[in-house]
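Asker: The sequence isn't on hand, but the structure is:
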């Protein structure tokens, strides 16, 4: 079969491929300085939008990267700041407690609150001092602002403290000004109740209630709270006195267990 | 009006190659979007458009890098032309076959490109170069497959509407 050269030349495909090939060969054969010049001109004109877009996206990328880095740094600094604030408060509390410790004549064991009773939040707490540190059952637990409760059980490293808001926890108490004696217990409502104070005794709002030492657990003179309200019903022999406890049970973090009282076994 | 669309297609493909490709690179493996586009245009639109689109793409890429002036143009343009030629001989109306064709073209192109520009390096490190080219071709064909799939979905949506 004879191949007609004229037919090949007339083939549009051949012609177009030839044009492309010739242009490419011309480009290949171009002197290098000329290529560089064309390349520079092309980069500055034809490819300018792409190069600028690429540069812009690189900037956006780097902005994101810087933003991520700054966010990480911010997280770190926030955590550090929060820890430092926490340390500051702890420091203040511990300084206060240290002063309190030196003031009282009892042997105190400091302890941290490690858990609240999950179901009855203000009824009992768990502290991180147990028999190993001389903490046993029925020991008074106090805070710088007043009586917290008493230990009801202790194991080697922890103890359960029954708080004043547990109805089973009762403290023999005395009103500081009138010296009238009664029992502080929780009978419901927002406050503790001081019962068994005869209605003929003088009681005024704002009086301090302290432990009388008669119950056998709490020593004399520990602050319990302040008289918030005094009522007496017609024909009743005793007052109904509301006591606002000194200790803030929702903010308890550190407490003291009185492990020994001088002059007592 | 079709020239505007051609220009937009050229702009989009060059944008993908210059801006997107480095950002979706897997380590040193950059997808050769220009080559994939040239082959796919050839396969879908025939040799004439395949040749000229590929020529435009190749020339643009050559303009960026004065080292390989002309070689990229001729290799990509011929790839576009042969893709169109294959379309005339074997009609590949299946996105899987089309992406396999992209893979084959990219592999051949990468090997030829290395042979022209760095022949000694290619012969001394043939296996590494082959593997590198293979990775590039597989990645490019995967990108091509994705693009074809999106186009197919778009056509299907248009038919539904």
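Answerer: Noted; the coordinates are in hand. All of these numbers come straight from a predicted model, not from anything done at the bench.
Asker: Which residues of chain B lie near chain A?
Answerer: Neighbours of chain A within chain B, by CB under 8 Å from any CB of the partner chain: B:14-15, B:18-19, B:23, B:47-48, B:51-52, B:55, B:58-60, B:62-66, B:69-71, B:73-74, B:77-78, B:81. Every C-beta, even on glycine, is put in place using the N, C-alpha and C of the backbone.
Asker: which residues touch residue A:55?
Answerer: With contacts defined as CB atoms under 8 Å, 6 or more residues apart in numbering or on different chains, residue A:55 is in contact with no residue.
Asker: can you map out the helices along chain B?
Answerer: For chain B, the helices defined by DSSP state H occupy B:2-15, B:33-45, B:47-64, B:71-89, B:95-117, B:119-124, B:126-160.
Asker: Please name every helix or strand in contact with the second one.
Answerer: Translated: helix B:33-45. Judged by 3 or more CB pairs under 8 Å, 6 or more residues apart in numbering or on different chains; DSSP states H and E, helix B:33-45 is in contact with helix B:2-15, helix B:47-64, helix B:71-89, helix B:95-117, helix B:126-160.
Asker: Remind me what the shortest one packs against, helices and strands.
Answerer: The one in question is helix B:2-15. Helices and strands touching helix B:2-15, by 3+ CB pairs under 8 Å, 6+ apart, are helix A:48-103, helix B:33-45, helix B:47-64.
Asker: Switch these over to CSV; also include distance to residue B:114.
Answerer: Written out in CSV, the entries for the helices and strands packed on helix B:2-15 read as follows (distance: least, CB to CB, whole Å):
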stretch, distance to residue B:114
helix A:48-103, 25
helix B:33-45, 14
helix B:47-64, 16
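Asker: Let me know how buried residue 106 is, in neighbour terms.
Answerer: Since no chain was named, I'll use chain A. Residue A:106 is flanked by 18 other residues according to other CB atoms under 10 Å in any protein chain shown.
Asker: wrong chain, I was asking about chain B
Answerer: When counting by other CB under 10 Å, one arrives at 26 neighbours for residue B:106.
Asker: what's the nearest residue to it if we skip its chain neighbours?
Answerer: residue B:137 (3.9 Å; CB to CB, 6 or more residues apart in numbering or on different chains).
Asker: what's near enough to touch that neighbour?
Answerer: With contacts defined as CB under 8 Å, 6+ apart, residue B:137 is in contact with B:32, B:102-104, B:106-107, B:110.
Asker: Now residue A:231. Its backbone dihedrals?
Answerer: The phi/psi pair for residue A:231 (degrees, to the nearest 10) reads phi -130, psi 150.
Asker: Does the closest residue to chain B within the stretch 101-250 of chain A lie in a helix or a strand, and which?
Answerer: Shortest the stretch 101-250 of chain A-to-chain B distance, computed as CB to the nearest CB: residue-wise this is residue A:114, at 50.9 Å. Element membership of residue A:114, judged by DSSP states H and E, is strand A:107-116.
Asker: still on that earlier bit, any chance of CSV for the helices and strands packed on helix B:33-45, columns mean pLDDT?
Answerer: CSV is the format used below for the helices and strands packed on helix B:33-45 (pLDDT from 0 to 100):
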stretch, mean pLDDT
helix B:2-15, 86
helix B:47-64, 87
helix B:71-89, 88
helix B:95-117, 89
helix B:126-160, 87
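Asker: Any chance of these in a markdown table with distance to residue A:191 as columns?
Answerer: Written out in a markdown table, the entries for the helices and strands packed on helix B:33-45 read as follows (distance: least, CB to CB, whole Å):
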| stretch | distance to residue A:191 |
| --- | --- |
| helix B:2-15 | 75 |
| helix B:47-64 | 83 |
| helix B:71-89 | 89 |
| helix B:95-117 | 79 |
| helix B:126-160 | 71 |
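Asker: quick one, which of the ones you listed is nearest to residue A:35?
Answerer: Checking these against residue A:35 by CB to CB gives helix B:47-64 as the closest, at 9.0 Å.
Asker: Okay, the residue most central in space within chain B and chain A: tell me how far apart.
Answerer: Per CA atoms, centre = their mean, the C-alpha nearest to the average position across chain B is that of residue B:35, at 1.6 Å. Relative to chain A, residue B:35 is positioned 15 Å away (criterion: CB to the nearest CB, to the nearest Å).
Asker: right, and that residue touches residue B:109 too?
Answerer: Yes: here residue B:35 lies in contact with residue B:109, judged by CB atoms under 8 Å, at a distance of 5.6 Å.
Asker: residues touching residue A:74, list them.
Answerer: Residue A:74 makes no contacts at all, as judged by CB under 8 Å, 6+ apart.
Asker: what does the model give it for pLDDT?
Answerer: What the model reports as pLDDT for residue A:74 is 90.
Asker: And the pLDDT at the residue nearest the centre of chain A?
Answerer: With distances taken as CA atoms, centre = their mean, chain A has residue A:86 as the residue nearest its mean C-alpha position (8.4 Å). According to the predicted model, the pLDDT of residue A:86 comes to 83.
Asker: quick one: it from residue A:249, how far?
Answerer: Computed with CB to CB, to the nearest Å, the distance linking residue A:86 and residue A:249 is 20 Å.
Asker: next one: residue A:66
Answerer: Residue A:66 sits 48 Å away from residue A:249 when distances are taken as CB to CB.
Asker: And residue B:113, by the same measure?
Answerer: Following CB to CB, the distance that separates residue B:113 from residue A:249 is 79 Å.
Asker: and if you look at residue A:16?
Answerer: Using CB to CB, one obtains 92 Å as the distance from residue A:16 to residue A:249.
Asker: Next: residue A:260.
Answerer: According to CB to CB, residue A:260 stands 25 Å off from residue A:249.
Asker: Which one's more surrounded, those two?
Answerer: More crowded of residue A:260 and residue A:249, by other CB under 10 Å: residue A:249, with 18 against 13.
Asker: Can you report phi and psi for that one?
Answerer: phi -70, psi -20.
Asker: Settle this for me: residue A:153 is touching residue A:137, isn't it.
Answerer: Yes: taking contact to mean CB under 8 Å, the distance of 5.9 Å between residue A:153 and residue A:137 places them in contact.
Asker: Those two - which one has more neighbours?
Answerer: In this view residue A:153 and residue A:137 are compared by other CB under 10 Å, and residue A:153 has more residues nearby, 15 against 12.
Asker: Confirm that the more buried one sits in a helix.
Answerer: No: applying DSSP: H, G, I helix; E, B strand; the rest coil, one finds residue A:153 to be strand, outside a helix.
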